[in-house]
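**Q** Provide a 3D model corresponding to the input given below.
(one chain, ligands or ions: 1)
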Amino acid sequence: MPEQTSLRPLMRDELLPPSRSNRRHLISIKDLGRPDVERVLGLARTFATSLDRDVKKLPTLRGRTVVNLFYEPSTRTSASFELAAKRLSADVMSIKSSGSSADKGESLKDTALTLGAYDPDIVVIRHASIGAPNVVARHVDAHVVNAGDGKHQHPTQALLDLFTMDEEFGSIEGLHVAIVGDVLHSRVARSNVQALVLMGAHVTLVGPPPLIPRGIEALGCEVSHDIDVIRDADVVYVLRMQRERMQAGANFVSSLREYTARWGVTAERLASGQRVMHPGPINRGVEITPEVADSPESMIQRQVRSGLVVRMAVLYDLLTGGPVAAVAPSAIREVA
Ligand code: ASP
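**A** Below you'll find the model as predicted:
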């Protein structure tokens, strides 16, 4: 397969030794330029047209192999990567760490080498450790997609969020997005700030000081510790309280009840017409009320739907790097 160059490959990351091959990866939003994001969103729009058909499977990646390797719990991300690969007719292997040889102490490097022996085209990995996708990229001759590494990055979440906002508002440029809650432990917040700023949105991070990393304004966003500022935003993007990442004993908030009272997103705190998003899973009644999560202004289910077409687009784009026109509707034939 010819090498593609339009997404920056991992080996440009100065901190890491080169990956085994020059294949393109999607590890961080930092790997992308604006034309890359526009190309992926355009592809996703094209793939979205296939969702309304009776026969939804496309022959596009027939003969390709996608390995999904999940070392952390996941519902939406793992389901949508698996369905995305199947909808594109790729062969898919989905491996969860629990029940795999990771339980027997196999290292990530050895698991990567083992799976590499099956010659996958793409490895999708979620892992609690920052940099795990880079480890896989160094040991497997495949394109690697980061499906979440610790509190570092979750680039496909950011892309599906951009897609959802773009569908709703017609453009990202000039949108005001308030991201509320546990920014400190959130790979989604980091990826979204970078992606939104890249696409010309204005981002305000809102939350209690212990949950907002110091110096995060350097990413091009603003910070506020006043929950009332969320009323000024077009989109209120609510983050989950990431209790599994909070060190035992560390006092980020005095109690969840107190957090909910001071920072929870309630109907009273929203202005009319504002859209609400959340990457899921939601803690109903903690960072968001059920009333808001289930309201017509909530785009949470649309985000899940976007996840499928955006992940189809990412898989396709990594393997082809082709412009949107390469999958113009005529190229997306139904499998007979
Ligand atoms: N599902 C997202 C993630 O994996 C958000 C979350 O877990 O709160 O990062």
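
**Q** list the contacts for the closest residue to the ligand within the stretch 101-250 of the chain?
**A** Proximity of the stretch 101-250 of the chain to the ligand (CB to the nearest ligand atom) peaks at residue 240, 3.5 Å away. Quick note: C-beta positions are derived from backbone N, CA and C, even for glycine. The contact partners of residue 240, by CB atoms under 8 Å, 6 or more residues apart in numbering, come to 181-182, 186, 278-283, 287.

**Q** Could you check how far the most centrally placed residue in the chain is from residue 26?
**A** When the chain is reduced to its mean C-alpha position, the closest residue under CA atoms, centre = their mean turns out to be residue 157, at 1.8 Å. The gap separating residue 157 from residue 26 is 12 Å, by CB to CB, to the nearest Å.

**Q** I figured the residue nearest to the centre of the chain hits residue 192, correct?
**A** Yes: counting by CB atoms under 8 Å, residue 192 is a contact partner of residue 157 at 7.4 Å.

**Q** related to what we said a few turns ago, check which helix or strand covers the residue nearest to the centre of the chain.
**A** Element membership for residue 157, per DSSP states H and E: helix 155-169.

**Q** Buried residues in that helix, which are they?
**A** Neighbour counts over helix 155-169 (16 or more other CB atoms under 10 Å) mark 155-167 as buried.

**Q** Now render these as JSON lines, adding pLDDT and distance to the ligand.
**A** Listed next are the buried residues of helix 155-169 as JSON lines, based on pLDDT from 0 to 100; distance: CB to the nearest ligand atom, whole Å:
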{"residue": "155", "pLDDT": "97", "distance to the ligand": "11"}
{"residue": "156", "pLDDT": "98", "distance to the ligand": "10"}
{"residue": "157", "pLDDT": "98", "distance to the ligand": "6"}
{"residue": "158", "pLDDT": "98", "distance to the ligand": "11"}
{"residue": "159", "pLDDT": "98", "distance to the ligand": "13"}
{"residue": "160", "pLDDT": "98", "distance to the ligand": "11"}
{"residue": "161", "pLDDT": "98", "distance to the ligand": "11"}
{"residue": "162", "pLDDT": "98", "distance to the ligand": "15"}
{"residue": "163", "pLDDT": "98", "distance to the ligand": "16"}
{"residue": "164", "pLDDT": "98", "distance to the ligand": "14"}
{"residue": "165", "pLDDT": "98", "distance to the ligand": "17"}
{"residue": "166", "pLDDT": "98", "distance to the ligand": "20"}
{"residue": "167", "pLDDT": "98", "distance to the ligand": "20"}
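
**Q** quick one: which two of the residues you listed are the most distant?
**A** The most widely separated members of the buried residues of helix 155-169, counting by CB to CB, are 155 and 167 (18.8 Å).

**Q** so is residue 94 in a helix, a strand, or just coil?
**A** At residue 94 the chain is in strand, as set by DSSP: H, G, I helix; E, B strand; the rest coil.

**Q** Would you confirm that it contacts residue 78?
**A** Yes: counting by CB under 8 Å, residue 94 touches residue 78, with 6.7 Å between them.

**Q** Show me whatever sits in contact with both of these two.
**A** 68, 70.

**Q** Which one of these two is surrounded by more residues?
**A** Shown here are residue 94 and residue 78; by other CB atoms under 10 Å, residue 78 has more neighbours (19 against 15).

**Q** What strand or helix carries that one?
**A** Using DSSP H and E, residue 78 falls in helix 76-87.

**Q** That helix versus helix 155-169: what angle between them?
**A** Comparing the axes of helix 76-87 and helix 155-169 via axes from the mean of the first three to the mean of the last three CA atoms, to 10 degrees yields an angle of 80 degrees.

**Q** what does the stretch 101-250 of the chain put close to the ligand?
**A** 148, 154, 187-188, 240, 242 (CB under 6 Å from any ligand atom).
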